[in-house]
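> Got a predicted model here, sequence first, then my questions.
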Amino acid sequence: MAEATRDRVRAAIQELGFVRNESARRLRQGPRRSSDRRAGSPRPRAFGIVVEDLTNPYAADVARGAELTLNDAGHDALWLSSDHSAGKESRNLEMLVEHQAAGALVVPVGLDQAGIDRLRASSGMAVVLIDHAGPDVCSAQVDHVAGGDIAAGHLLALGHERLAFVTGGPAPRPVVERGEGAARTLAKAGGGELRTLTQRALSPTEGRAAAQRLLAMSPTPTGVFCANDLLAIGLINELLRLGVSVPGEIAVVGYDDIELAASSAVPLTTIRQPRLAVGEEAAELALAEWSEGDSHMHRQVILTPELVQREST
């Protein structure tokens, strides 16, 4: 191209505010082959980490665990939030394709196996699910049914027979599984049905609202299992404000063991998830799939939560 022509192109680009369309460029080049990945790249590659809500301390810890593992392997990490929206999740993934990301680690909202297959076919990206599983995809997840078992079993062992499960909607599958585990344990003990309070979100504000609803129940539950620590902390704060003793009148168990759990008004008994480890395992799976290409065998890694007992029970 002549220099005069280059100058005219540069001027047009500057005037129009043109941004290169990576998707179009990739269509001209064709998808990356497995051999290309194994041969290496002249620059570090980025992996996307797509979670539901980056303001949630649990999600941030998972993303951090993944990022540290990716950085150790010489790659960058892009943190993205779907905000519980399948549409925004899809846009996040499209952006990763446009920027030639090597892979995506996803807490899925709307992404299914067909979507995963399309991503692989169009871009060659490695795809790993976090806290979900699929028939033909790597995943790193926690046994949330076991977590619910542990929480309900702890309250039953302390003599609490009237139990409630406080959750938020629309509840993602891992949260549903926590309630299922608690209900199963209560049924095995012959304790009847687990009473469920569904709030609008998994937040401290909704935890405070749940406390009001809890006290209006007749008879009032004496043991409460909250779907996450944020709900539990809000619930405890409101109970204390209303003059209810925790754990004297109502014992509370949370889930996640975020940093705030140990320093809440009444230090919170909770089910600890190996948050950093979930992210680390997901990153290792993504790195393996990206480097191994077509020879990669998908694996599902399942981690076990544990009880951390504090003053709220």
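Great, that's in hand.

> Now do the same contact list for the residue nearest to residue 258 when sequence neighbours are not counted.
Distance criterion Cβ to Cβ, 6 or more residues apart in numbering; nearest residue to residue 258, sequence neighbours excluded, is residue 57 at 4.1 Å. Just so you know, the C-beta spots here come from the backbone N, C-alpha and C atoms, and that holds for glycine as well. The contact partners of residue 57, by Cβ atoms under 8 Å, 6 or more residues apart in numbering, come to 229-230, 256, 258-260.

> again, but for residue 309
Counting by Cβ under 8 Å, 6+ apart, residue 309 has contacts 154, 269.

> For it, give its distance to residue 200.
The gap separating residue 309 from residue 200 is 30 Å, by Cβ to Cβ, to the nearest Å.

> one step back: select, from the contacts of residue 57, the two members most distant in space.
230 and 259 (11.8 Å; Cβ to Cβ).

> between those two, which one's more packed in?
residue 230 (27 against 10; other Cβ atoms under 10 Å).

> hang on, that one is in a helix, isn't it?
Yes: counting by DSSP: H, G, I helix; E, B strand; the rest coil, residue 230 is located in a helix.

> Now do the same contact list for it.
Contacts of residue 230 by Cβ under 8 Å, 6+ apart are 56-57, 202-204, 207, 258.

> With residue 186 instead?
By Cβ under 8 Å, 6+ apart, the neighbours of residue 186 are 152, 156, 163, 192-194.

> and which of these is nearest to residue 181?
Closest to residue 181, out of all of the contacts of residue 186 and judged by Cβ to Cβ, is residue 152, at 7.2 Å.

> Quickly find the element holding that closest one.
If you go by DSSP states H and E, residue 152 is part of helix 144-157.

> what's the helix or strand following that helix in contact with?
Heading C-terminal from helix 144-157, the first helix or strand you meet, by DSSP H and E, is strand 163-168. Outside strand 163-168, the residues that touch it by Cβ under 8 Å, 6+ apart are 152, 155-156, 175, 178-179, 182-183, 186, 191, 194-203, 206-207, 210, 214, 217, 221, 223-228, 231-232, 235.

> Please tell me how far residue 119 sits from residue 59.
21 Å.

> swap that for residue 268, please
Distance of residue 268 to residue 59, given as Cβ to Cβ: 19 Å.

> And the two? Which one has more around it.
Neighbour totals were compared for residue 268 and residue 59, and residue 268 leads with 30 against 22 (other Cβ under 10 Å).

> The more buried one reaches residue 259, doesn't it?
No: the pair residue 268 / residue 259 is not scored as a contact, 11.1 Å apart, by Cβ atoms under 8 Å.

> Quick one: find the helix or strand in the protein with the lowest mean pLDDT.
Using mean pLDDT, DSSP states H and E, helix 22-29 stands out as the lowest-scoring helix or strand of the chain, at a mean of 42.

> Walk me through the domains of this protein.
Listed by automatic domain parsing, the domain ranges of the chain are 13-139+279-303, 144-272.

> How far off centre is the longest one?
It stands for domain 13-139+279-303. Chain-centre distance of domain 13-139+279-303: 15 Å, with Cα atoms, centre = their mean, to the nearest Å.

> The shortest one now?
On the basis of Cα atoms, centre = their mean, the separation between the geometric centre of domain 144-272 and that of its chain is 20 Å.

> how about the strands in the stretch 201-313 of the chain?
With strands called from DSSP state E, counting those that start in this stretch, the stretch 201-313 of the chain shows them at 223-226, 251-256, 269-272, 300-303, 306-308.
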